[in-house]
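1. The sequence isn't on hand, but the structure is:
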DNA sequence: GCGTGTGAAACCATTCACAGCT
DNA sequence: AGCTGTGAATGGTTTCACACGC
């Protein structure tokens, strides 16, 4: 079966809130309650889950911990994926310190830059490597995913280097469309674009 | 007519690339060339534009500067919208310095925090105000949109304060669903979620 | 010939509505 | 009674394919 893209995005959101709920000691939850927390409809949640199996109990809803574990399994969060951040500018720096990543099963295993001012320095306890050594260090550290926070002009070139080293998943913060081999997945986070879309809705009021 | 959400998101992306193209002195562009730059299909671009009018010339495509101006008009970018950043943590700090915003017609007119360590300090030349004074200063500065980079626990409360002061557009970086009045628009940027979605695709390879 | 603008078709995602289980 | 799981219906978005203008 073909799973909607949107479903995957939402599963990530469900996961986070189940995580919070588990911390608070909530044991059971219905699709209706979860829906009101995450801002979706109950049937959306049930449908999303139904692509992967039946995790609930009719009459009583879902066991928070079980559902959390199932979603982790679906999203591949169990293994504690190893991530590199490439580009130690303001944004890269903010992301190394972003608690959300580690909390949810990602390990920022290495950081890179091309500037001699930064290489060799430590950022939140992580030694900044020379981007030229990416291939070797990525292999050594078992990096599977890369967060790209480099300047726009450099983004395509560094993408080539990174995908050439076997990385198949990129989270790109540079506001350009990256050309990558077909088997590489890119997710773009475009900060200014998000703001511009909002602007449209301000205009129409 | 009802304009697809996705169309609006893409228009922002077209805009940015038209901006670059104009800088480089490109005069004309076809939907096909633009498509290959932004990573979309030509017919998607033409359809997106068709919701707002006919801006091209059959046979020769679009005049870069004209199309850029039209999209600016559509997205309401002409007025140089005034934006506030609330929360001067790592991420807020990175965003004050993010060139993409100013470049594309947004003015970061004020920044706020609740910490006495930060209030009164300057960040990239902008005085950090006490969040308690939001209402007054937002009015004074003509703030129309808010970028929220506060800790998760504080997000809902601050949202209440901000929307209570008449703000109708929020770009939210806190990983929670914000409850807002119906006439307020929220766009969520969820950094960890983006990474988790990617993880799913790594798993299935 | 090249390229836009656009109805119509195909595709994908959400919502409905209800059978079935506890 | 309460809640899940899911086909069927609806709604939204993308893609196709072609008429028309330069």
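-> Received the coordinates, thanks. Because the structure is a prediction, the values reported are computed rather than measured. Numbers count the residues shown, from 1 in each chain, chains lettered A, B, ... in the order given.
2. how is chain A carved up into domains?
-> Domain segmentation of chain A under automatic domain parsing yields A:5-74, A:82-193.
3. Residue B:180: which of these is closest?
-> Proximity to residue B:180, assessed across the domains of chain A by CB to CB, is greatest for domain A:5-74 (10.2 Å). Bear in mind the C-beta positions are built from the backbone N, C-alpha and C, glycine included.
4. Name the helix or strand for the closest residue in space to residue A:170 that isn't next to it in sequence, please.
-> The spatial neighbour of residue A:170 that comes closest, neighbours along the chain excluded (CB to CB, 6 or more residues apart in numbering or on different chains), is residue A:186 at 4.8 Å. Per DSSP states H and E, residue A:186 falls inside strand A:185-188.
5. Repeat that for residue A:111.
-> strand A:107-113.
6. Mind listing the strands that strand pairs with, and their directions?
-> strand A:82-86 (parallel), strand A:126-130 (parallel) (DSSP bridges).
7. what's in contact with the last one?
-> What that stands for is strand A:126-130. Applying CB atoms under 8 Å, 6 or more residues apart in numbering or on different chains, the external contacts of strand A:126-130 come out as A:88, A:96, A:108, A:110-114, A:118-122, A:137.
8. Can you say which of those residues are buried?
-> The neighbour-count criterion (16 or more other CB atoms under 10 Å in any protein chain shown) marks A:88, A:96, A:108, A:110, A:111, A:112, A:113, A:118, A:119, A:137 among the contacts of strand A:126-130 as buried.
9. Turn those into CSV, including distance to DNA strand D.
-> Formatted as CSV, the buried ones among the contacts of strand A:126-130 follow (distance: CB to the nearest atom of the strand, whole Å):
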residue, distance to DNA strand D
A:88, 34
A:96, 33
A:108, 32
A:110, 35
A:111, 34
A:112, 33
A:113, 35
A:118, 38
A:119, 41
A:137, 37
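10. and DNA strand C, which of those contact it?
-> Contacts with DNA strand C are made by none of these, judged by CB under 7 Å from any atom of the strand.
11. Residues of chain A that sit close to DNA strand D?
-> Residues of chain A lying close to DNA strand D (CB under 7 Å from any atom of the strand) are A:30-32, A:42-43, A:46-47, A:49-50, A:54-62.
12. can you do 10 Å?
-> Counting by CB under 10 Å from any atom of the strand, chain A comes close to DNA strand D at A:28-35, A:41-62, A:67.
13. May I see the PyMOL selection of the buried members of those?
-> This is how PyMOL selects the buried members of the residues of chain A next to DNA strand D, with burial counted by 16+ other CB under 10 Å:
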select buried, chain A and resi 29+30+31+34+35+45+46+48+49+56+61+62+67
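14. all helices of chain A, in order?
-> A:5-23, A:31-38, A:42-50, A:64-75, A:90-96, A:99-103, A:134-141, A:152-164, A:191-204 (DSSP state H).
15. Check what contacts the second one and list those residues.
-> Think helix A:31-38. With CB under 8 Å, 6+ apart, helix A:31-38 has contacts from A:10, A:13-14, A:17-18, A:21, A:41-46, A:56, A:61-62, B:177.
16. if we go to 6 Å?
-> A:13, A:17, A:41, A:42, A:45, A:46, B:177 (CB atoms under 6 Å, 6 or more residues apart in numbering or on different chains).
17. angle of it against helix A:64-75?
-> Going by axes from the mean of the first three to the mean of the last three CA atoms, to 10 degrees, helix A:31-38 is angled at 70 degrees with respect to helix A:64-75.
18. From residue B:160, how far out is the closest residue to residue A:100 other than its chain neighbours?
-> Nearest residue to residue A:100 in three dimensions, chain neighbours excluded: residue B:192, at 3.8 Å (CB to CB, 6+ apart). With distances taken as CB to CB, to the nearest Å, residue B:192 is found 24 Å from residue B:160.
19. Give me the more crowded residue out of these two.
-> Remark: of residue B:192 and residue B:160, residue B:192 carries more neighbours, 21 against 14, as counted by other CB atoms under 10 Å in any protein chain shown.
20. which residues does that one contact?
-> Residue B:192 makes contacts with A:100, A:101, A:104, as judged by CB under 6 Å, 6+ apart.
21. Can I get those in JSON lines including pLDDT and distance to DNA strand C?
-> Putting those into JSON lines (pLDDT from 0 to 100; distance: CB to the nearest atom of the strand, whole Å) gives the following:
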{"residue": "A:100", "pLDDT": "85", "distance to DNA strand C": "23"}
{"residue": "A:101", "pLDDT": "88", "distance to DNA strand C": "25"}
{"residue": "A:104", "pLDDT": "81", "distance to DNA strand C": "22"}
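22. Just give me the closest of the residues you listed to chain B.
-> Minimum distance to chain B across these is 3.8 Å, recorded for residue A:100 (CB to the nearest CB).
23. any idea how far residue A:56 is from the closest one?
-> In this structure, residue A:100 and residue A:56 are 27 Å apart, going by CB to CB.
24. what are the phi and psi values for the residue of chain A positioned farthest from its centre?
-> For chain A, the largest distance from the centre (CA atoms, centre = their mean) belongs to residue A:59, which lies 33.6 Å off. When read as degrees, to the nearest 10, the backbone of residue A:59 gives phi 100, psi -40.
25. which other residues reach the helix or strand bottoming out on mean pLDDT in chain A?
-> None of the helices or strands of chain A scores lower by mean pLDDT, DSSP states H and E than helix A:99-103, at a mean of 84. For helix A:99-103, contacts defined as CB under 6 Å, 6+ apart pick out residue B:192.
26. same question, stretch A:76-88
-> A:72, A:92, A:95-96, A:105-113, A:118, A:128, A:142-150, B:199, B:203.
27. Quote the end-to-end distance of that stretch.
-> Chord length of stretch A:76-88, first to last residue, is 27 Å (CA to CA, to the nearest Å).
28. Next: stretch A:36-47.
-> End-to-end distance for stretch A:36-47, by CA to CA: 16 Å.
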